[in-house]
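[1] Could you look at this predicted model? Sequence included:
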Amino acid sequence: MSDDDFDPKVSGKRTKSGKKAASYAGRIIAATRLAGKASGVRSRRFDGSRIGRGASMGRLLSSRDRLAGFRARRAIVKTRLVRLGQKGMRTARAHLRYIQRDGVTREGAPGELYSADRDAADGNAFLERSGGDRHQFRFIISAEDGAEYTDLKPYVRRMMTQVEADLGTKLDWVAVDHFNTERPHTHVMLRGIDDQGQNLVIAREYISHGFRERAAELVTLDLGPRTDREIEERLRHDVDQERLTAIDRRLLRRMDADRVVTAAENDPVQQSLAAGRLRKLKAMGLAEDIGGACYQLADGLEDTLRHMGERDDIIRLMQRELTARRLDRPGVDQVVTTEVREPIIGRLIRRGFSDEHRDRHFMMVDGIDGRVHYLDIGRADAVPSVPENATVRIEPSRLGVTQADRTVDVVARAHGGRYSIDIHLAHDPQASEAYAASHVRRLEAMRRASAGPERLEDGSWTIPEDHLARAGAYAARQQRDRPVAVSVMSRAPVAELAAKDAPTWLDRELDGSGGSAVRDAGFGREVRTALAARRQWLVEQQLADPDGTMLRFREGAMDRLRQRELAQAGDRLAQQVGKAFAPASTGERIEGVIARRVDLEGGSYALVERSRDFTLVPWRDVLKRNMGKAASGIMRADGISWRFGRGRSGPSIS
């Protein structure tokens, strides 16, 4: 072997015990913490917040923030770091589509993507360049007086140029301006690499202070500093607000270790504002007067005020939406529900973003319980699209470790940590192949979420010993993203259901299986009127008989309504498909191509197209990813056990 062939590889250092030694930076952090403990000096803990580009500038700007007072105009910059990879690129593409959606410009048109040097940037090219990036930064930039700008592009470009100077590198970014909210704002997507192709690491000091200060600095330069009168009017307005204000932040910075603060200030105006605010906080139970003009601020004051402000914003949103839709709701409670504990049924008034930065949605529902509800429904992609004015049912999702997780763990522990359909069937001869396949789908979902199980080349799986713990963590993440389950009960207005020749959700309420309390107020009053009309129609159609205050359905009444609806839908669809409709019967073998989904009042159906005709069979979500594929199965009372593909080797889904 020649000297040129020698390629040394240096491994990480190890201790005498053979364990991997801590990194050099890790040893510095540990030594710094120990030195602080030994000296007894209460100094700021070294936590790595100044590691990365822009650390010194971020520190400088954070100091200036505390000394600058209230004269500068304010701006908000929300920053989020997103890990990429295969799943991350899918979410990046979805985020790019979202920020360019319809209705975000002043004219209600789709968003216009631009970059540092182009007014019409290519989003696909940006994503292609980002393909190998480890991470990506996403910002929302919102200046308090942003409505004064006729065009936000020059402002955003100047800010990003200043950020480049602070970080010492050129940046690759695209942005879209939004004018569809009370305050115009800009979404920025920034690649996570510098101009040398290395990972872009931005110091937390700069993320916390630098972006915001630079944004505020530029808007102050453009529009001029706030006048004394503007500042004083704003602060006097803040004194009685039940939300986190600039006065509160000033008090929090001035309090001592025991959370004690005084209103004393060199500036008499600032002193009067602080004194008035402390009295307000005392009245709210968030500060205690301990004498000597001193107050002790409550623990968690900042979070409490922030939550109160968010709730107040939501109530104003609800009142605005009710007024815009001319929904008169005197005496009806407006409820902000942070956690759904019991099912809620009502008419969807509006769906929107509760947090654009984290892609979380809300629903505003006019409930049959006589209340108007504001509900957090989680991530946008976790809840399907629902048209406004549809009647929906919202219930807690209650996700957790499933029986499938436990079964996989039992089988794997008995077979050396391995799992497959064949291993499952050998372990439990009574199990069916379709049953074992459902466990594989659960493992595949966890694998895509990087939650533990590893699929081998032969199709089997390696199951770690802590599989159940990982399954629980996976379920907890799903619960955060999808805290509720939303189902559409009817897309038609409730008044139209009274004489609908189809099974409706009103029928379940009339026969007592719905179990909902319908209050005579708000939307509940409309539902009561529709229930009375529906009751009369069912009696006239000889589908039910009155039994005192109850209604007794005749045998087969729901099946007759279902067949009527399918026949009407079949006749309507026959003109579109160009083939005859053939109803499916129990025990019949269904073979054809899954053409599309058809939503009817009685439920959702799959249109299965055959050579000479088509039929409608109950829809299942698994069919969505098999649209356009050939499928076969036996029609049973509880559904169809599907097999996809022309041959017998296709996957089976029951």
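    Great, that's in hand. Residues are numbered from 1 along each chain as shown.
[2] Leaving out chain neighbours, which residue sits closest to His185?
    Closest residue to His185 apart from its sequence neighbours, by C-beta to C-beta, 6 or more residues apart in numbering: Ser142 at 3.8 Å. Every C-beta, even on glycine, is put in place using the N, C-alpha and C of the backbone.
[3] Next, the one you found: phi, psi?
    Dihedral pair for Ser142: phi -140, psi 110, per degrees, to the nearest 10.
[4] That one is in contact with Arg183, isn't it?
    Yes. Ser142 is in contact with Arg183 according to C-beta atoms under 8 Å; the separation is 5.3 Å.
[5] Give me the more crowded residue out of these two.
    More neighbours surround Ser142 than the other of Ser142 and Arg183, with 20 against 13 (other C-beta atoms under 10 Å).
[6] so Gly633 makes contact with Trp642?
    Yes. Gly633 lies in contact with Trp642 (C-beta under 8 Å); the separation is 4.6 Å.
[7] For these two, work out which one has more neighbours and name it.
    Taking other C-beta under 10 Å, Gly633 and Trp642 do not tie; Trp642 has more neighbours (24 against 20).
[8] I'd assumed Pro503 was in a strand, is it?
    No. Read with DSSP: H, G, I helix; E, B strand; the rest coil, Pro503 is coil and lies in no strand.
[9] separation between the residue nearest the centre of the chain and Leu96?
    Nearest to the geometric centre of the chain sits Arg379, at 1.9 Å (C-alpha atoms, centre = their mean). Distance, Arg379 to Leu96, using C-beta to C-beta, to the nearest Å: 16 Å.
[10] Same check on Thr462?
    Relative to Leu96, Thr462 is positioned 35 Å away (C-beta to C-beta).
[11] same question, Glu205
    Distance from Glu205 to Leu96, by C-beta to C-beta: 29 Å.
[12] Same check on Val340?
    From Val340 to Leu96 the distance is 31 Å (C-beta to C-beta).
[13] Check Asp228 too.
    Distance from Asp228 to Leu96, by C-beta to C-beta: 44 Å.
[14] next one: His373
    His373 is 32 Å from Leu96, by C-beta to C-beta.
[15] ok, these two, which is more surrounded?
    His373 (22 against 19).
[16] Identify the residues contacting the more buried one.
    Val335, Thr337, Ile344, Gly346, Met363, Met364, Val365, Gly367 (C-beta atoms under 8 Å, 6 or more residues apart in numbering).
[17] what's the most distant pair in these?
    Spanning the widest gap among the contacts of His373 are Val335 and Met363, at 12.4 Å by C-beta to C-beta.
[18] Can you give me the neighbour number for Arg134?
    Arg134: 12 neighbours (other C-beta under 10 Å).
[19] these two touch, right, it and Asn199?
    Yes. With contact defined as C-beta under 8 Å, Arg134 counts as touching Asn199 (5.5 Å).
[20] Which residues are in contact with each of the two?
    Gly192.
[21] one step back: restricted to strands, list the contacts of His373.
    Val335, Thr337, Ile344, Gly346, Met363, Met364, Val365, Gly367 (DSSP state E).
[22] Same list, the residues you listed, but as a markdown table with distance to Leu60 please.
    Rendered in a markdown table, the data for the ones in strands among the contacts of His373 read as follows (distance: C-beta to C-beta, whole Å):
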| residue | distance to Leu60 |
| --- | --- |
| Val335 | 46 |
| Thr337 | 44 |
| Ile344 | 50 |
| Gly346 | 52 |
| Met363 | 44 |
| Met364 | 44 |
| Val365 | 48 |
| Gly367 | 52 |
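[23] List just the nearest of the residues you listed to Pro583.
    Gly346 (33.9 Å).
[24] Count the neighbours of that closest one for me.
    26.
[25] what residues are up against it?
    Val365, Asp366, Gly367, Ile368, Asp369, His373, Thr391, Val392, Phe523.
[26] Quick check on the residues you listed: which are buried?
    Buried members of the contacts of Gly346, scored by 16 or more other C-beta atoms under 10 Å, are Val365, Asp366, Gly367, Ile368, Asp369, His373, Thr391, Val392, Phe523.
[27] Pipe the residues you listed into a markdown table and attach distance to Ala569 per row.
    Shown next, in a markdown table, are these (distance: C-beta to C-beta, whole Å):
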| residue | distance to Ala569 |
| --- | --- |
| Val365 | 28 |
| Asp366 | 29 |
| Gly367 | 30 |
| Ile368 | 27 |
| Asp369 | 32 |
| His373 | 32 |
| Thr391 | 20 |
| Val392 | 22 |
| Phe523 | 28 |
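[28] can you put those in a markdown table and add pLDDT and distance to Asp194?
    Below are those laid out as a markdown table (pLDDT from 0 to 100; distance: C-beta to C-beta, whole Å):
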| residue | pLDDT | distance to Asp194 |
| --- | --- | --- |
| Val365 | 92 | 47 |
| Asp366 | 91 | 51 |
| Gly367 | 90 | 52 |
| Ile368 | 92 | 56 |
| Asp369 | 88 | 55 |
| His373 | 90 | 47 |
| Thr391 | 94 | 53 |
| Val392 | 93 | 47 |
| Phe523 | 90 | 55 |
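[29] May I see the domains of this protein written out as residue ranges?
    Per the record, the chain has its domains at 19-47, 55-223, 228-303, 403-481, 559-653, by automatic domain parsing.
[30] can you list those domains in JSON lines and add mean pLDDT and distance to Leu551?
    Output for the domains of the chain, formatted as JSON lines (pLDDT from 0 to 100; distance: least, C-beta to C-beta, whole Å):
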{"stretch": "domain 19-47", "mean pLDDT": "51", "distance to Leu551": "67"}
{"stretch": "domain 55-223", "mean pLDDT": "87", "distance to Leu551": "45"}
{"stretch": "domain 228-303", "mean pLDDT": "88", "distance to Leu551": "49"}
{"stretch": "domain 403-481", "mean pLDDT": "90", "distance to Leu551": "38"}
{"stretch": "domain 559-653", "mean pLDDT": "86", "distance to Leu551": "14"}
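[31] Need the residues touching each of Val335 and Met363.
    His373, Tyr374.
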